[in-house]
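[1] Sequence and predicted structure below; questions after.
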Amino acid sequence: MVNTEKIKKRINELGMTQGEIAKIISVATPTICQKINNIRPFSLEEAEKVAEILRISDGEFKNYFFCK
C-alpha cells in the first residue's frame, strides 16, 4: 500500500499532475491514479521511478510506498 495523502501532497508541492507522472513512467493516467489510490499495486520499479520524480529520499521512501 502507498500513503495516498503523502504522495498527492508531494505531487501538489512540486506543481505536477498525476498525468505528468504517468507519462514519465510510461503508464496511462487512469493506471497511475489507481496505483496512487491503492486500487492497483505499484511494482518496486514503478515506485522507485515515482520516488525519483517526486524527489523522495531513500530514507523517506518507506513512508510513501509499501507502508501499511
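    Now that the structure is in, tell me what you want to look at.
[2] Flag the shaky bits of this protein, pLDDT-wise.
    68 (pLDDT under 70).
[3] got the contact list for the spatially most central residue of it?
    Nearest to the geometric centre of the chain sits V50, at 4.8 Å (C-alpha atoms, centre = their mean). By C-beta atoms under 8 Å, 6 or more residues apart in numbering, V50 lies in contact with 7, 21, 25, 42, 56, 65. Any C-beta I mention is one placed from the backbone N, CA and C, and that applies to glycine too.
[4] how about 6 Å then?
    Contact analysis of V50 by C-beta atoms under 6 Å, 6 or more residues apart in numbering lists nothing.
[5] Next, give phi and psi for it.
    The phi and psi values for V50, taken as degrees, to the nearest 10, are phi -60, psi -40.
[6] repeat for L54
    phi -90, psi 0.
[7] Assess the claim that it and R10 are in contact.
    Yes: taking C-beta atoms under 6 Å as the definition, L54 is a contact partner of R10 at 4.8 Å.
[8] thinking again about what came up before, return the distance of the residue nearest to the centre of the chain relative to Y64.
    Taking C-beta to C-beta, to the nearest Å as the measure, V50 falls 8 Å from Y64.
[9] cool, and I36?
    Where Y64 is concerned, I36 sits at a distance of 10 Å (C-beta to C-beta).
[10] Give me the common contacts of those two.
    Counting by C-beta under 6 Å, 6+ apart, the common neighbours of I36 and Y64 are I7.
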